[in-house]
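Asker: dropping the sequence and predicted coords here.
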Amino acid sequence: MQNTHAGKAESYDLGRPAYPEAFFDYVYGEFGLRSDAVIADIGAGTGKVSQGFLERGNRVYAVEPDGDMRRILLERLGRFNCCTVLGSCAEETGIPNDSVDLVFCGNSYHWFDRAKVMPEFRRILKPGAGANIVLAMLGDSRHNESPEFREGAFETKSFEFTLHQDWPMYLHGGLSASSAPNPGNEGFEEYCQTRRQYFDRCGKDGKLETKFKLTCMIGNAKDLIA
């Protein structure tokens, strides 16, 4: 698991939107997730999705290798006794064998070493489960064109939502991307100026209406493709 977002924890926390309520309604409704299920949030970032699961009663293993991300995650989730934060990687999580009901990967699976992460997910998941992995991508672009699951062995669910972002959220949303420059890097000021120009041109009353799309692939770890 690469540390692709070094130096971006603050921007990630300020700029990335929380998952919409419709997503949680789905996983606890149609998908049938129970509040007593154990969840592994792999690449947990600053803990926004983990918090949603914890607030609904689940036990969560939040796996995040970046120290800055983990610091914010611990500040957010420290009040939950049923949360275990691990500074490990997806390929070697440190989660006990046969202990997890659901693996969740939000905007992270495309960074993993598939040949190593597939057996790791199978090791930590409880045996005999049906659908036990959710791969989520917030945004319309896909980082990897190769399929994640065997054809016909998964279902897709999408959620569209709109936020009215103020300038800090819009700026930091862009800066949170792995491809965006960090402060002090060449092109940082130009990047910020370009986003400011777009915000001023398209925004209204200090807000910019931004549409998001969350796409989830739901399947079983045994059907993942290396």
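Answerer: Yep, that arrived. Numbers count the residues shown, from 1 in each chain.
Asker: could you list the buried residues of the one helix or strand residue 69 maps to?
Answerer: Applying DSSP states H and E as the criterion places residue 69 in helix 67-77. Using 16 or more other Cβ atoms under 10 Å as the test for burial, helix 67-77 gives 68-70, 72-73, 76-77. From N, CA and C alone the C-beta is placed, and that goes for glycine too.
Asker: now those in TSV, with distance to residue 35?
Answerer: Below are the buried residues of helix 67-77 laid out as TSV (distance: Cβ to Cβ, whole Å):
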residue	distance to residue 35
68	31
69	26
70	25
72	25
73	21
76	20
77	17
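Asker: circling back: so which elements touch the helix or strand following the helix holding residue 69?
Answerer: Per DSSP H and E, the first helix or strand lying C-terminal to helix 67-77 is strand 83-86. With contacts defined as 3 or more Cβ pairs under 8 Å, 6 or more residues apart in numbering; DSSP states H and E, the packing partners of strand 83-86 are strand 59-63, helix 67-77.
Asker: next, the angle from the shortest one to helix 67-77.
Answerer: Right, strand 59-63. Going by axes from the mean of the first three to the mean of the last three Cα atoms, to 10 degrees, strand 59-63 is angled at 160 degrees with respect to helix 67-77.
Asker: what does strand 59-63 contact?
Answerer: 37-44, 47, 50, 53-54, 73, 77, 80, 82-86, 88-90, 93-95, 100 (Cβ atoms under 8 Å, 6 or more residues apart in numbering).
Asker: go on, the last one?
Answerer: Under the criterion Cβ under 8 Å, 6+ apart, residues 5-10, 12-13, 44-48, 50-51, 54, 60, 62, 64, 83, 85, 87 lie in contact with helix 67-77.
Asker: whichever of those end up buried, select them in PyMOL.
Answerer: To isolate the buried members of the contacts of helix 67-77 in PyMOL, using 16+ other Cβ under 10 Å:
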select buried, resi 5+7+8+9+10+12+13+44+45+46+47+48+50+51+54+60+62+64+83+85
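Asker: which ones among the contacts of strand 59-63 map onto helices?
Answerer: 50, 53-54, 73, 77 (DSSP state H).
Asker: can you name the two of those that sit furthest apart?
Answerer: Of all pairs drawn from the ones in helices among the contacts of strand 59-63, the greatest distance, 13.0 Å, lies between 53 and 73 (Cβ to Cβ).
Asker: so how far is residue 192 from the residue most central in space within the chain?
Answerer: Centroid-nearest residue in the chain: residue 106, 2.5 Å away (criterion: Cα atoms, centre = their mean). Distance of residue 106 to residue 192, given as Cβ to Cβ, to the nearest Å: 26 Å.
Asker: about what we covered before: could I get the buried residues of helix 67-77 as JSON lines with pLDDT and distance to residue 27?
Answerer: Below are these laid out as JSON lines (pLDDT from 0 to 100; distance: Cβ to Cβ, whole Å):
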{"residue": "68", "pLDDT": "93", "distance to residue 27": "28"}
{"residue": "69", "pLDDT": "93", "distance to residue 27": "23"}
{"residue": "70", "pLDDT": "95", "distance to residue 27": "24"}
{"residue": "72", "pLDDT": "95", "distance to residue 27": "24"}
{"residue": "73", "pLDDT": "96", "distance to residue 27": "20"}
{"residue": "76", "pLDDT": "93", "distance to residue 27": "20"}
{"residue": "77", "pLDDT": "94", "distance to residue 27": "19"}
